[in-house]
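**Student:** sharing a sequence plus its predicted fold:
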Amino acid sequence: MSLDACAENLRAHDPERFGICLLAPVEARPKLLTLYALNLELARAPLASNEPLIAEMRLQWWIERLEAIGQGQRPSHELLTPLAEAWGDRAGAFAGLAEPRRRDAAREPHGGPEAVAAYVRETAVPLVLFAAEALDGPKAATPALAARVAAGGFTPPDPRGIFVQERNPVGEVIAAQAEGAGLVAWLAALPALQGLGLGLWQPSAPVLAEIAGMARAKLAEARAGRRAVPRALAPVLFPGAQVKAVLEAAPRGIEALAGAQVSEFRKRLALTRFALTHRWWI
């Protein structure tokens, strides 16, 4: 998969992140395009089979290939080749994006709001941190993450855990925004996830309202700290066009969420407005 193929894949299946790539500096696009294309593949892998064992084997294939890149190998593969060219050994840390998706292979519904938040922290938050690194380099956005990897460690699934000893205001704001936006995206996808066995054991309106409240709190936390974030990182913090509609629909139940989908026109309009203002906070 060439960079052009990555771009077309994103345009078709993740148009908002494709738009983010177009807003990024040209030199950062290979990293963003390959990272987001990988994220698509990792999300699809555990859903490729109804047999949990087969689904997990497909996911394990990606994990092993990413770890091999981290050890200096350069596989010949339509996506992994451009990924390794763009990121080098650093791409080995992306195996951490795949590990939490083992529960998707098992088709395990979440037990409640805290379980959903933990899943988002293990998937959406590291993805945004890596994307921020593509724009600004590890030293500015995620210094502790970079230090862990440089020392031979493994990127932790919860980035907040690394801020305990070395506070990083920029990374904290990025993590808060990513968690808030990730919870919103998860709620938006819930009607489809529920049918796949990946939603909630009890998708009641009060439970959805609690998740929406958690998303609002994280988005508010990020908004309060927005002045710490360099303007250069704004593209990867764009939360999408659906935030308000989803947060308003969630307390009314899963049926309301199903009707809260935003049109492609509104998505393009929101992205155009963002391109002009770089206002990512809500």
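**Tutor:** In hand now; what should we look at? Numbers count the residues shown, from 1 in each chain.

**Student:** sketch out the low-pLDDT regions of the protein for me.
**Tutor:** Residues of the chain meeting the criterion pLDDT under 70: 1, 137-167.

**Student:** show me the longest helix that occurs in it.
**Tutor:** helix 169-196 (DSSP state H).

**Student:** gap between the next helix or strand after that one and the chain center?
**Tutor:** Using DSSP states H and E, the helix or strand that follows helix 169-196 in sequence is helix 205-224. Distance of helix 205-224 from the chain centroid (Cα atoms, centre = their mean, to the nearest Å) equals 17 Å.

**Student:** with stretch 72-82 instead?
**Tutor:** On Cα atoms, centre = their mean, the centre of stretch 72-82 falls 22 Å from that of its chain.

**Student:** go on, stretch 180-196?
**Tutor:** That offset, for stretch 180-196, works out to 13 Å (Cα atoms, centre = their mean).

**Student:** name the residues of it that are buried.
**Tutor:** Across stretch 180-196, burial judged by 16 or more other Cβ atoms under 10 Å covers 180-188, 190-191, 193-194. C-beta: built from backbone N, CA, C; applies to glycine.

**Student:** same deal with stretch 37-57?
**Tutor:** Buried, per 16+ other Cβ under 10 Å, within stretch 37-57: 37, 38, 39, 40, 41, 42, 43, 45, 46, 47, 55, 56.

**Student:** check stretch 271-282 too.
**Tutor:** Those would be 271, 274, 280, 281, 282, for stretch 271-282 by 16+ other Cβ under 10 Å.

**Student:** ok, so of those, who is nearest residue 223?
**Tutor:** Nearest to residue 223 out of the buried residues of stretch 271-282 is residue 281 (Cβ to Cβ; 4.1 Å).

**Student:** assumed that closest one was part of a strand.
**Tutor:** No: secondary structure of residue 281 (DSSP: H, G, I helix; E, B strand; the rest coil): coil, not part of a strand.

**Student:** what residue is smack in the middle of the protein?
**Tutor:** Note on the chain: the residue nearest the mean C-alpha position is residue 124, at 3.0 Å, using Cα atoms, centre = their mean.

**Student:** that residue against residue 177, yeah?
**Tutor:** No: the criterion here is Cβ atoms under 8 Å, and residue 124 misses it with residue 177 at 10.1 Å.

**Student:** returning to that earlier point: output the contacting helices and strands for the longest helix of the chain.
**Tutor:** Packing partners of helix 169-196 (3 or more Cβ pairs under 8 Å, 6 or more residues apart in numbering; DSSP states H and E): helix 113-136, helix 138-141, helix 143-150, helix 205-224, helix 234-237, helix 243-249, helix 254-258.

**Student:** okay, the angle between the fourth one and helix 169-196?
**Tutor:** Computed with axes from the mean of the first three to the mean of the last three Cα atoms, to 10 degrees, the direction of helix 205-224 lies at 160 degrees from that of helix 169-196.

**Student:** now do the buried residues in helix 205-224.
**Tutor:** By neighbour count on 16+ other Cβ under 10 Å, the buried set for helix 205-224 is 207-212, 214-216, 218-219, 221-222.

**Student:** same thing with the last one?
**Tutor:** Along helix 254-258, these residues count as buried under the neighbour rule (16+ other Cβ under 10 Å): 254, 256, 257.

**Student:** got the helices and strands packed on helix 169-196 as JSON lines, with distance to residue 9 columns?
**Tutor:** Shown next, in JSON lines, are the helices and strands packed on helix 169-196 (distance: least, Cβ to Cβ, whole Å):
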{"stretch": "helix 113-136", "distance to residue 9": "16"}
{"stretch": "helix 138-141", "distance to residue 9": "25"}
{"stretch": "helix 143-150", "distance to residue 9": "26"}
{"stretch": "helix 205-224", "distance to residue 9": "28"}
{"stretch": "helix 234-237", "distance to residue 9": "18"}
{"stretch": "helix 243-249", "distance to residue 9": "25"}
{"stretch": "helix 254-258", "distance to residue 9": "26"}
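
**Student:** what's the closest of these to residue 71?
**Tutor:** Here helix 143-150 is closest among those (Cβ to Cβ), at 12.7 Å.

**Student:** residue contacts, the residue lying closest to residue 55 once chain neighbours are set aside?
**Tutor:** Ranked by Cβ to Cβ, 6 or more residues apart in numbering and with sequence neighbours excluded, the top spatial neighbour of residue 55 is residue 105, at 3.8 Å. Neighbouring residues of residue 105 by Cβ atoms under 8 Å, 6 or more residues apart in numbering: 45, 46, 52, 55, 56, 58, 59.
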